[in-house]
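**Q** sequence? don't have it. structure:
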């Protein structure tokens, strides 16, 4: 509960031991249960979760940002970004495919909210529109196998949560995203669709989809929205 002025202070108040203890309590109190641990931030946390038979999820911001380089409230998030060693270790495990799935933890707090004093600013950052394009940029650059990204972003989430998604076969929703890996551009915060008005990924290389099809309906064509809003609570 100590006062915070930067991401390192935020990390001090939420140390890695909190993650490890929480996962250990889950494993002790609910042995054999189907549990997915969201937003894992350390390799020890991954190993603990895997040891208990849990599935795991990581976010892009925990693999790209750390408290020594990214200090202000725009990088304040829970669980916190950690040190360089944790960030690099998590990215290494991600590239090896040792993680079940990838998520965004999208939290579109407004620019005004995030520009408050660090202690008063809310935790969280936007990421739902940029996560897959940035990772497709990693695929384009030969850093990430396409099969690993497809597994973590589509196949594993569909399987783990019992949804008819994440695979191309009869009976599954016709959800498709079509990319041209010859096309890449840097993330332009001004062109993003979130109303929050900021992004920690501005300037990063990305490959955006040319076409997006949701349950058989074209939603994005030539990189622009064109369909009607058809979102649904498929888990309800």
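**A** Thanks, I have the structure now. Please read all numbers here as calculations on a predicted model, not as lab measurements. Residues are numbered from 1 along each chain as shown.
**Q** every contact and neighbour count from this point should use C-alpha atoms.
**A** Noted.
**Q** which residues of the chain fall in strands?
**A** 36-37, 55-59, 101-103, 176-178, 185-186, 205-206, 211-214, 217-221, 224-225 (DSSP state E).
**Q** got those as CSV, with mean pLDDT and mean neighbour count columns?
**A** Output for those, formatted as CSV (pLDDT from 0 to 100; neighbours: other C-alpha atoms under 10 Å):
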stretch, mean pLDDT, mean neighbour count
strand 36-37, 98, 17
strand 55-59, 98, 22
strand 101-103, 97, 23
strand 176-178, 95, 15
strand 185-186, 96, 15
strand 205-206, 96, 22
strand 211-214, 95, 19
strand 217-221, 94, 17
strand 224-225, 88, 12
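**Q** show me the shaky parts of this protein.
**A** 234-236 (pLDDT under 70).
**Q** hmm, back to that, residue 232: which of the strands of the chain is closest?
**A** Between residue 232 and the strands of the chain, the shortest separation by C-alpha to C-alpha is 10.7 Å, and it involves strand 211-214.
**Q** check the offset of the closest one from the chain's centre.
**A** Here the centre of strand 211-214 is set off from its chain's centre by 20 Å, with C-alpha atoms, centre = their mean, to the nearest Å.
**Q** which elements pack onto it?
**A** Helices and strands touching strand 211-214, by 3 or more C-alpha pairs under 8 Å, 6 or more residues apart in numbering; DSSP states H and E, are strand 176-178, strand 217-221.
**Q** could you dump those strands into TSV and include distance to residue 19?
**A** As requested, the helices and strands packed on strand 211-214 are exported to TSV (distance: least, C-alpha to C-alpha, whole Å):
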stretch	distance to residue 19
strand 176-178	34
strand 217-221	38
